[in-house]
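J.: Fold the following, please.
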Amino acid sequence: MNTEIKEILDELMEFHKTRNASKHLKKINEQIGEKDVYVFGGKLLLWHKLVFLDLELPNKYDLSDHEVLQERFKEFFTLCPSINKVFKLEVDYITWADDISEEEQEEIRNYIHENHKVQVRIRRNKI
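T.: This next block holds a predicted model:
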């Protein structure tokens, strides 16, 4: 994985923990706000988190049934152009950037899996 891709992924993961935007996320954070950067950056990271066993790894993040998500991700990719070095937004799905090899995809997935911690919140309701 090249240095710039690692930097982008690290910034997405750091933002998810601290909500502090730096180099790649500063402009988008100012434009759409930290909540949306958190949500949409988190969706990109979670897409590659290895949380399911014995399932085929998805090469596309399907947005075909979600017109609102399509528009919001279009805005995300426009305001954060560096994300295009890792992922590519098509009309109704997100996939890998054209120049990311299968070996790099695997390396990126493993890096996200090892370094991105997903917070799980459990709510207990009294009956």
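J.: residue boundaries of the strands in this structure?
T.: 60-62, 87-89, 93-96 (DSSP state E).
J.: Name every strand pairing with the longest one and say which way it goes.
T.: Okay, so that is strand 93-96. strand 60-62 (antiparallel), strand 87-89 (antiparallel) (DSSP bridges).
J.: quick one on the thing from earlier: any chance of a markdown table for the strands of the chain, columns distance to residue 33, mean neighbour count and mean pLDDT?
T.: Placement of C-beta: from N, CA and C, glycine included. Below are those laid out as a markdown table (distance: least, C-beta to C-beta, whole Å; neighbours: other C-beta atoms under 10 Å; pLDDT from 0 to 100):
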| stretch | distance to residue 33 | mean neighbour count | mean pLDDT |
| --- | --- | --- | --- |
| strand 60-62 | 22 | 14 | 83 |
| strand 87-89 | 20 | 18 | 93 |
| strand 93-96 | 21 | 17 | 91 |
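J.: how about the ones you listed, which one is nearest residue 20?
T.: When the strands of the chain are compared by C-beta to C-beta, strand 87-89 sits nearest residue 20, at 21.9 Å.
J.: Output the strands of the chain as JSON lines; include the columns distance to residue 77.
T.: JSON lines is the format used below for those (distance: least, C-beta to C-beta, whole Å):
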{"stretch": "strand 60-62", "distance to residue 77": "12"}
{"stretch": "strand 87-89", "distance to residue 77": "5"}
{"stretch": "strand 93-96", "distance to residue 77": "8"}
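J.: Distance-wise, check the spatially closest residue to residue 89 that is not a sequence neighbour relative to residue 66.
T.: In space, and not counting its chain neighbours, residue 89 is closest to residue 77: 4.5 Å by C-beta to C-beta, 6 or more residues apart in numbering. For residue 77, the distance to residue 66 (C-beta to C-beta, to the nearest Å) stands at 15 Å.
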